[in-house]
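1. below: sequence and its predicted model.
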Amino acid sequence: MAKSFAQPTTSTVKYPVPDRQRVRVARLALPRATCHWSPVLDQCLRAGMEHGRRGVRQATERVMALCPVLTRAECWQRLRWLREHACGERPLPNAWPADLLKQLREGYAKGGMHKRAAFRAIRTRYPGLPGHVIVRVARRQGWLVGSSTTMSPRRRWTATEQARFAAMAECRTVAQMALALERSTKAIRWRLGARSLSAKTDTIWSLRQLAGTLRVGTTTLRRWSAERTLRVRDAHVTGDSLRACLARGSFIRECAIPGGVVPMVIAPDQHYRWKDAARILGCRIDAVRQGIAQGVFKLADPTVSDRALARFFRQGAFERLNMTRIDPAIYRWLVREI
């Protein structure tokens with residue numbers, strides 16, 4: 001039932017600003033001090049680059065002491081800018097001498113000290129040259145034999161893979177998603193981070209716990225799982241349940257299609273997709289779903305994660321439930337958390 005709130009007049013309305021917001025507004029109102037990069041500061045950074053990492057560290061500390069407004073990140077950004085713009089005084093890589101390119105090619109072919117000697121010779125000829133410029137030249141020439149860039153090029157995510165990933169991220173682990181999508185666990189974790197999702201396993205609900213919380217039967221939960229309304233962690237059908245169904249034969253006689261049985265060896269320790277189970281039993285997928293709802297077929301992992309439960313409620317699950325049977329405290333928790 002909607003509540004009506006009386007709207008006060010503008011003269012009596014006050015909008016108190018929280019303490020954190022007031023501090024944030026005060027900080028934004030302060031004038032920001034700027035420090036322009038002078039030739040003295042640039043010369044200090046250039047001198048530090050000539051002495052390696054230790055020289056860069058000492059030069060950064062010296063610049064921050066001369067100009068306290070600057071941060072370490074701004075000094076590093078200025079170092080990169082000076083290193084990149086110093087390339088304007090040097091020729092492009094395609095205009096490098098033939099002896100340097102030959103030494104670089106031999107260095108990548110032999111590796112080790114030969115490669116370091118080639119890098120040292122190029123940087124002696126062109127001081128301040130970034131290392132990624134040299135690596136880019138070798139990559140474009142095809143000298144990086146055996147590297148991950150040349151042997152296994154990056155595979156882009158298609159629209160179908162993105163849709164499958166979004167569906168599995170709510171109920172599968174990183175290892176399961178990597179196996180299903182044929183990608184590395186590092187790629188799966190990076191994709192989860194890009195979607196602001198955690199790779200850690202969240203709270204897991206068993207069917208018995210979920211049935212007691214929502215005040216429904218396990219048969220209803222299995223029916224929702226068969227309809228794909230409530231996603232479980234692993235919806236594959238176990239091999240033991242398939243072998244038991246074939247041994248009984250009653251379910252097969254009711255739902256079998258003439259000539260639809262595909263002879264296949266069923267491994268009891270393996271899990272099968274619904275489509276493969278329908279081919280083995282010689283029936284339609286709707287019959288497999290009906291068997292899952294009735295408990296004839298067992299699922300590999302029928303537990304439910306918090307993400308899958310949140311999606312279940314976002315899709316209008318409150319219309320499927322009898323709210324009068326749910327405890328009021330649990331209902332308020334569901335509304336607040338989900």
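-> Sure, I can see it.
2. which SSE is D276 in?
-> Taking DSSP states H and E as the criterion, D276 maps to helix 274-281.
3. so after that helix, what's the next helix or strand?
-> Downstream of helix 274-281 (by DSSP H and E), the next one is helix 285-294.
4. what's whichever helix or strand comes after that next one packed up against?
-> Of the helices and strands lying after helix 285-294 in sequence (DSSP H and E), the nearest is strand 299-301. Counting contacts by 3 or more C-beta pairs under 8 Å, 6 or more residues apart in numbering; DSSP states H and E, strand 299-301 packs against strand 234-238. No exception for glycine: its C-beta is placed from N, CA and C like everyone else's.
5. report the buried residues of the helix holding D276.
-> Going by neighbour count (16 or more other C-beta atoms under 10 Å), the buried part of helix 274-281 is W274, D276, A277, A278, R279, I280, L281.
6. nearest residue to the third one other than its sequence neighbours?
-> In this case it means A277. V237 (4.7 Å; C-beta to C-beta, 6 or more residues apart in numbering).
7. show me how far the helix holding D276 is from its chain's centre.
-> Relative to the chain's own centre, helix 274-281 is displaced by 32 Å; criterion: C-alpha atoms, centre = their mean, to the nearest Å.
8. just the CA coordinates for it, please, in CSV.
-> Only the C-alpha atoms of helix 274-281 are listed here, as CSV (Å, rounded to 0.1, in the frame of the first residue of the first chain):
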residue,chain,number,x,y,z
TRP,A,274,20.5,-32.2,-21.2
LYS,A,275,20.8,-32.5,-25.0
ASP,A,276,23.2,-35.5,-24.7
ALA,A,277,20.9,-37.1,-22.1
ALA,A,278,18.0,-36.8,-24.4
ARG,A,279,20.0,-38.5,-27.2
ILE,A,280,21.0,-41.3,-24.9
LEU,A,281,17.5,-41.9,-23.7
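9. so what does that helix touch, helix or strand wise?
-> In terms of contacts (3+ C-beta pairs under 8 Å, 6+ apart), helix 274-281 is packed against strand 234-238, helix 239-248, helix 250-255, helix 285-294.
10. the last one to helix 239-248, inter-axis angle?
-> For helix 285-294 and helix 239-248, the angle between their directions (axes from the mean of the first three to the mean of the last three C-alpha atoms, to 10 degrees) works out to 100 degrees.
11. so how far is Q58 from the residue positioned nearest the centre of the chain?
-> Closest to where the C-alpha atoms of the chain average out (C-alpha atoms, centre = their mean) is L192, at 1.8 Å. For L192, the distance to Q58 equals 40 Å [C-beta to C-beta, to the nearest Å].
12. tell me the pLDDT of Q58.
-> Turning to Q58, the model gives it a pLDDT of 90.
13. and if you look at R62?
-> Reported pLDDT for R62: 90.
14. how far is stretch 118-129 from where the chain is centred?
-> Taking mean C-alpha positions (C-alpha atoms, centre = their mean), stretch 118-129 and its chain are 39 Å apart.
15. neighbours of the closest residue in space to A287 that isn't next to it in sequence, how many?
-> Closest residue in space to A287, ignoring its immediate chain neighbours: C255 at 3.7 Å, by C-beta to C-beta, 6+ apart. Neighbourhood size, C255 [other C-beta atoms under 10 Å]: 18.
16. so C255 makes contact with A278?
-> No. Contact between C255 and A278 fails when scored by C-beta atoms under 8 Å: they sit 9.4 Å apart.
17. what touches both of those two?
-> Common contact partners of C255 and A278 (C-beta atoms under 8 Å, 6 or more residues apart in numbering): R284, A287.
18. about what we covered before: pLDDT on the helix holding D276, on average?
-> On average, helix 274-281 scores 84.
19. relative to helix 239-248, how tilted is it?
-> Helix 274-281 and helix 239-248 are oriented at 30 degrees to each other (the same axes, to 10 degrees).
20. please report the distance of A163 from L144.
-> 35 Å.
21. show me which of the two is the more surrounded one.
-> L144 (15 against 10).
22. pretty sure the residue nearest to the centre of the chain sits against A169.
-> Yes. L192 lies in contact with A169 (C-beta under 8 Å); the separation is 6.5 Å.
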